[in-house]
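[1] Below is the sequence, then the predicted model.
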Amino acid sequence: MLPGLRLRQVRERLGLTYRDVERISYELAARRGRPEFVLHISRLADIENHNVVQASISSTRLLSLITCSPSKCSCGTTFP
């Protein structure tokens with residue numbers, strides 16, 4: 001399955017908006033001390049809509065967001 005499609009399916013299943021994902025990525029980045037985990041809205045849209053995953057987006061970064069679920073996410077975020 002394409003990364004963009006997988007990311008969109010997980011995001012929609014969790015009821016998250018682009019802004020929610022961006023906010024959560026900031027929280028994860030801060031909590032883990034890894035600023036490279038921040039995923040901006042424009043980049044998320046590129047990934048989901050055009051399946052564009054640039055080299056600057058590490059597989060760890062994308063995987064962290066794809067696999068982050070309300071029960072597993074340690075960022076302290078409350079989900080809708």
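    Nice, I can see it. The model shown is predicted, which means the values in this text are computed figures rather than measured ones.
[2] longest helix of the protein?
    If you go by DSSP state H, the chain has its longest helix at helix 18-32.
[3] got the buried residues for the following helix or strand past that helix?
    Note on helix 18-32: by DSSP states H and E, the next helix or strand toward the C-terminus is helix 41-50. Buried positions in helix 41-50, judged by neighbour count with 16 or more other Cβ atoms under 10 Å: 43, 44, 46, 47, 48. Every residue, glycine included, has its C-beta placed from N, CA and C.
[4] Flag the least confident of the residues you listed.
    Among these, residue 47 carries the weakest pLDDT, at 85.
[5] so where is this structure shaky, pLDDT-wise?
    The chain contains residues with pLDDT under 70 at 53-80.
[6] try it again with 90
    Low-confidence segments of the chain, defined by pLDDT under 90: 1-11, 13-16, 21, 24-39, 43-44, 46-48, 50-80.
[7] Can you check the distance spanned by stretch 26-41, start to finish?
    Using Cα to Cα, to the nearest Å, the end-to-end distance of stretch 26-41 comes out at 11 Å.
[8] cool, stretch 10-26 as well?
    18 Å.
[9] Sweet, I'm off.
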